[in-house]
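Engineer: coordinates for the following, if possible.
(chains A and B)
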Number of protein chains: 2
Amino acid sequence: MRQKHMLLPTLREAPAEAEALSHQLLLRGGYIRQLAAGIYSYLPLGTRVLHKLERVIREEMEASGFDELLMPAMQPSELWEKSGRYSEYGPELIRLDDRHGRGFVLGPTHEEVITSLVAAEVNTYRKLPLRLYQIQTKFRDERRPRFGLLRGREFLMKDAYSFDTDWSGLDESYQFMVQAYHRIFARCGLHFKAVEAEAGSIGGEGETLEFMALAEIGEDTIVSCPSCQYAANLEKAVFRQQEGVTLLEETIPEMEEIYTPDTRTIEELNVFLGEKPESFLKTMIYMVDDQPVAVVVRGDHEVNEFKLKNALGASSVELAELNKVEELTGAPHGFAGPTGLDIPVYLDLAAAAVADGIAGANRKDYHVRHLKKGRDYDPVATGDYRNATTGDCCPHCGDNLVFSRGIEVGHVFKLGTKYSKSLGATFTNMEGKEELMIMGCYGIGVSRLMSAVAEQYQSEAGIRWPLPLSPFQVHIIPVSIKDEAQAGLAEELYRTLQQAGMDVLLDDRDERPGVKFKDADLIGAPLRIIVGKAASERKVEWLNRMAESEKEMINADEALARIHEICSSSKGGL
Amino acid sequence: MRQKHMLLPTLREAPAEAEALSHQLLLRGGYIRQLAAGIYSYLPLGTRVLHKLERVIREEMEASGFDELLMPAMQPSELWEKSGRYSEYGPELIRLDDRHGRGFVLGPTHEEVITSLVAAEVNTYRKLPLRLYQIQTKFRDERRPRFGLLRGREFLMKDAYSFDTDWSGLDESYQFMVQAYHRIFARCGLHFKAVEAEAGSIGGEGETLEFMALAEIGEDTIVSCPSCQYAANLEKAVFRQQEGVTLLEETIPEMEEIYTPDTRTIEELNVFLGEKPESFLKTMIYMVDDQPVAVVVRGDHEVNEFKLKNALGASSVELAELNKVEELTGAPHGFAGPTGLDIPVYLDLAAAAVADGIAGANRKDYHVRHLKKGRDYDPVATGDYRNATTGDCCPHCGDNLVFSRGIEVGHVFKLGTKYSKSLGATFTNMEGKEELMIMGCYGIGVSRLMSAVAEQYQSEAGIRWPLPLSPFQVHIIPVSIKDEAQAGLAEELYRTLQQAGMDVLLDDRDERPGVKFKDADLIGAPLRIIVGKAASERKVEWLNRMAESEKEMINADEALARIHEICSSSKGGL
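Structural biologist: As a prediction, the model looks like this:
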């Protein structure tokens, strides 16, 4: 394409509102513009990247036997009431009434629609498995849209759904998707990890993996093992339990109160008492399905609410309000401890290994020391209720776990019968009996993926797009478009490459070279041909930004040959 | 693709709710399913047709120098308030509040968004013209969604916008689009006409053409000339004025009242008086920008409110309420006439040619006859205020105009400065002065186009898709999938065609032949290969549904050769 009349508004300065570098560079490179918080227009460059992503995704979905369909954004509220998600979903679900007063939601996802569709159309095992996907615009009214496309309110997703006759069928559908996702993200040049994860609001019974793009700005913590394949997100991560220090019974003195005025946090206690956080028994009061419990973890550990919820078989877990804490412990927040409480105490395994502990005294401005399990307090249960942390070891191989940040770009999920039950997706099996279909769902955030790739391929000057996603493979820049030889050679190269099916951008603007080069960096095409004074000798400057090589003066035909070689080997390899 | 595990639910019976045959056949063929009134899911077959349409549209838009972008569905209400359309648009505009109470609309079109985008990013003549388009989901809360995809509430559109420095630039952009539309609809195999039209709610100053798919169920009336290029929709159509009968002054008797009890309509008068409608002066009371006027047309003619509005330079024209009519004429509805009224009388040219007329007497149960212009009533103006009708002649060549029905599948529109003015899209011209950009907008209803093609290519048994749009070019049907020779040959042909890049459907189901053939008719692929008992001799039955030929037994390789020939010549030609 020709740059002159494209809508390609590059910016010299990063807009103040953009925190993430990928967001800044997508704005500066003229890829996207914000219309409202979390709502973006994709300019021609951004649209081209989206299309390339869509193409990779479509090819891999089709190769996995998934057929494309397209479902509406407007979904009747009744469907969401049937599945129970109308109330569960909260204010992130955008609701509206039509002119007749009928309720609709703007779909953040399509389990309800596809399940009711399949329920209406398919009723025999002979039509199963059924594997379907769409690439479609989704809506989620995020409380705090952030980082440009990373957490938006209107975004593009690929969502796929499988319907099987049994769990082993679901295993197969699920594995097809896991494999496809690995191929898709690899083709996009993404550095990613597939991590074990907890079920979110989507619900369901089974296994789930999240595909995480590795990035500092990621909102998720990934726990992984450097030696084996183990990887999980922080909510899900497990680890080998450490052995506690074994002390002889008699070496632990009687429990005693200590005066700790205004000392509420572990850090404050640490300073005040000069004891390490590892000796503290941090006691948190939770409401579990509206019943209060105390959860005790070591001072340097954090409670994992998902583990707690799962261990207690609860449907909701949240921290008690401060006045509730005061009512239950008899002391203001910051002085809770496991002794003398009237509510059940759940003790984390690492805290259980603290033989001689320090905790709140359940009395204002007091803590207790020499706390001993069994003697001074009695937990109703001991278990893993905490997050993994530095020093924890891989549950499989025992190596030290490492922590990194990730952006969730995809997930695969064994739904089981959650939706087929509530929306009546049944089939007649071989014996003529009616059964529920076993479902899976599989999402990729397409617009988010674009941002995640940009985040990984950022440089100070602009995004250095991986070849398969770059809006243009080649950028041709005549230094002076008014010079006939330069304009002529640039035009010739442009046409030759276009005819060969390449995506080429020709900078046909009458601008200073410095402006053109800065824009080229911001646009970020991996291959660049600069047509300058040597044009009359058919010589051009060649720059392969993927190879981080220096500019090199070569013959124009050599440049063409290199482009063909790079693009064809990349196509084959990706 | 393999039919067995596709979501391809064909129906033997037409669903009762579907009026239009295209709608019935799209449902029966398993192309679409309704989710709510006017809101449809596209099943895999429907999605494939959409993609083929999109591809044709993209190719022609790019060839015309338009760049693709993608704008959001959720648009801030403020933008629509700026353009004035927030209140103008009425209940068809879907409105909603986000979680913070900020107002949004779901875009039925994107003039506001793109104009404010361009206003923010482009400010010099050097970046103009700018030509942009998107293919995107639109929302319009139709009062009466109808005919499946023809009038839906959520639908797919291609909308394009041009920004020029002057009107001659707009002419060029507009002509590019007119040419592109002709190519797009021709490639889709559509029978269509480009007709002159009136500006709708989109507003603007200039020329507009509607592209109409010819179809009986169309909601628009097309007026066209069989001899020359003239075509317009009914609102816009003009014609040569017919000469009136010239009578000598003295031959017209004095006006006299006649008793016409309960005779209000032209038909009733026709029966009661035995006079032809051509002698009647039908008098309608209108409120024009809230001022009453009388409009007089011949008894066999209809008032054209658009012409009236344009002629009077009014911004609104509507029929007066019945009580208003009584107040102004002194008689109940049905007895109005041009004599003795206190309000301005506008006389249509054809009515002006009625020398000796019959009209209401402005008195209950009375009409008058021998009404003579100038003697018995005085119009303030005479002009063309009516619809074209049978017998009217082409304004260009004088041939008799013909009337047909059409479905609007596209329009091109010279917007001028309506949006650039209200949303501040200005640029600095060569002399450094600020000017408004001159805009055009250009729409194609993509999902509606799918329906219009289906309407034109219907047959009793199913849609006979034109080759470029059919979800599959070839349908291979082994009569018995259990027969090894049949299954083997079918599979071989399937793979060969797939590898050649064809879209092929293989009926790998274990169903009775009758079921398979009926389904094949409903699916509607143009080329069909039936692999039956002669498979062992590599003989197959060949059916080209485009040629309406009979089934023919030929060698399998001959079938492949024919497919290649048909598909490659069609690609070249289309």
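
Engineer: please name the residues that touch the closest residue to chain B within the stretch 301-450 of chain A.
Structural biologist: Proximity of the stretch 301-450 of chain A to chain B (Cβ to the nearest Cβ) peaks at A:Ser447, 9.5 Å away. (Each C-beta comes from the backbone N, C-alpha and C, glycine too.) Applying Cβ atoms under 8 Å, 6 or more residues apart in numbering or on different chains to A:Ser447 gives the contacts A:40, A:42, A:50, A:149, A:152, A:155-156.

Engineer: now A:Ala16
Structural biologist: Contacts of A:Ala16 by Cβ under 8 Å, 6+ apart: none found.

Engineer: cool, A:Ala237 as well?
Structural biologist: A:196, A:223, A:387-388, A:401.

Engineer: pick out the most distant pair among those residues.
Structural biologist: Taking Cβ to Cβ, the two most distant members of those are A:Glu196 and A:Asn387; they sit 14.2 Å apart.

Engineer: so the two - more neighbours on which side?
Structural biologist: A:Asn387 (20 against 17; other Cβ atoms under 10 Å in any protein chain shown).

Engineer: test my guess that the more buried one contacts A:Glu305.
Structural biologist: No: in this structure A:Asn387 lies outside contact range of A:Glu305 using Cβ atoms under 8 Å: 9.6 Å.

Engineer: pLDDT averaged over the helix or strand hosting the residue of the stretch 301-450 of chain A closest to chain B - what is it?
Structural biologist: Secondary structure assigned from DSSP states H and E places A:Ser447 in helix A:446-456. With pLDDT averaged residue by residue, helix A:446-456 scores 96.

Engineer: any idea how far B:Met546 is from the residue of the stretch 301-450 of chain A closest to chain B?
Structural biologist: Using Cβ to Cβ, to the nearest Å, A:Ser447 is found at 41 Å from B:Met546.

Engineer: also A:Ile477?
Structural biologist: Noted for A:Ile477: a distance of 49 Å to B:Met546, by Cβ to Cβ.

Engineer: higher neighbour count, the two?
Structural biologist: The neighbour count for A:Ile477 versus B:Met546, taken as other Cβ under 10 Å, is higher for A:Ile477 (27 against 16).

Engineer: which residue is nearest the middle of chain A?
Structural biologist: Chain A has A:Glu408 as the residue nearest its centroid, 1.2 Å off, counting by Cα atoms, centre = their mean.

Engineer: could you identify the helix or strand that succeeds the longest strand along chain A?
Structural biologist: Ranked by residue count, the top strand of chain A under DSSP state E comes out as strand A:402-416. Helices and strands here follow DSSP H and E; after strand A:402-416, the next one along the chain is helix A:418-422.

Engineer: in this structure A:Lys414 contacts A:Gln175, no?
Structural biologist: No: using Cβ under 8 Å, A:Lys414 makes no contact with A:Gln175, being 10.8 Å away.

Engineer: would you mind giving the domain segments of chain A?
Structural biologist: Chain A breaks down into these domains under automatic domain parsing: A:45-72+A:107-237+A:403-455, A:249-383, A:474-573.

Engineer: so what's the gap between the longest one and the chain middle?
Structural biologist: Per Cα atoms, centre = their mean, to the nearest Å, the displacement of domain A:45-72+A:107-237+A:403-455 from the mean C-alpha position of its chain is 12 Å.

Engineer: quote the end-to-end distance of it.
Structural biologist: 16 Å (Cα to Cα, to the nearest Å).

Engineer: which helix or strand lies directly C-terminal to the helix or strand containing A:Leu308?
Structural biologist: Element membership for A:Leu308, per DSSP H and E: helix A:305-312. Per DSSP H and E, the first helix or strand lying C-terminal to helix A:305-312 is strand A:317-319.

Engineer: picking up where we left off before, compare A:Lys414 and A:Gln175 (neighbour count), which wins?
Structural biologist: With neighbours defined as other Cβ under 10 Å, A:Lys414 and A:Gln175 compare such that A:Lys414 has more, 21 against 12.

Engineer: bridging residues for the more buried one?
Structural biologist: Note on A:Lys414: beta-bridge partners by DSSP bridges are A:Gly440.

Engineer: what pLDDT does it get?
Structural biologist: 94.

Engineer: walking through the stretch 201-350 of chain A, point out its strands one by one.
Structural biologist: Along the stretch 201-350 of chain A, the stretches classed as strands by DSSP state E, counting those that start in this stretch are A:208-214, A:220-224, A:231-233, A:256-259, A:281-288, A:291-298, A:317-319, A:345-348.

Engineer: ok, back up a step: not counting its neighbours along the chain, what's nearest the residue nearest to the centre of chain A?
Structural biologist: Distance criterion Cβ to Cβ, 6 or more residues apart in numbering or on different chains; nearest residue to A:Glu408, sequence neighbours excluded, is A:Glu210 at 5.1 Å.

Engineer: the one you found contacts A:Asp220, doesn't it?
Structural biologist: Yes: counting by Cβ under 8 Å, A:Glu210 does reach A:Asp220; the two are 7.5 Å apart.

Engineer: shaky segments in chain A?
Structural biologist: In the predicted model of chain A, residues A:200-205, A:242-250, A:570-574 satisfy pLDDT under 70.

Engineer: what residues are up against A:Ala63?
Structural biologist: A:Ala180.

Engineer: how near is it to chain B?
Structural biologist: 12 Å (Cβ to the nearest Cβ, to the nearest Å).

Engineer: before we move on, what about A:Leu505?
Structural biologist: For A:Leu505 relative to chain B (Cβ to the nearest Cβ), the value is 11 Å.

Engineer: ok, that residue - how many residues close by?
Structural biologist: Look at A:Leu505: counted by other Cβ under 10 Å, it has 25 neighbours.

Engineer: separation between it and B:Phe280?
Structural biologist: 68 Å.
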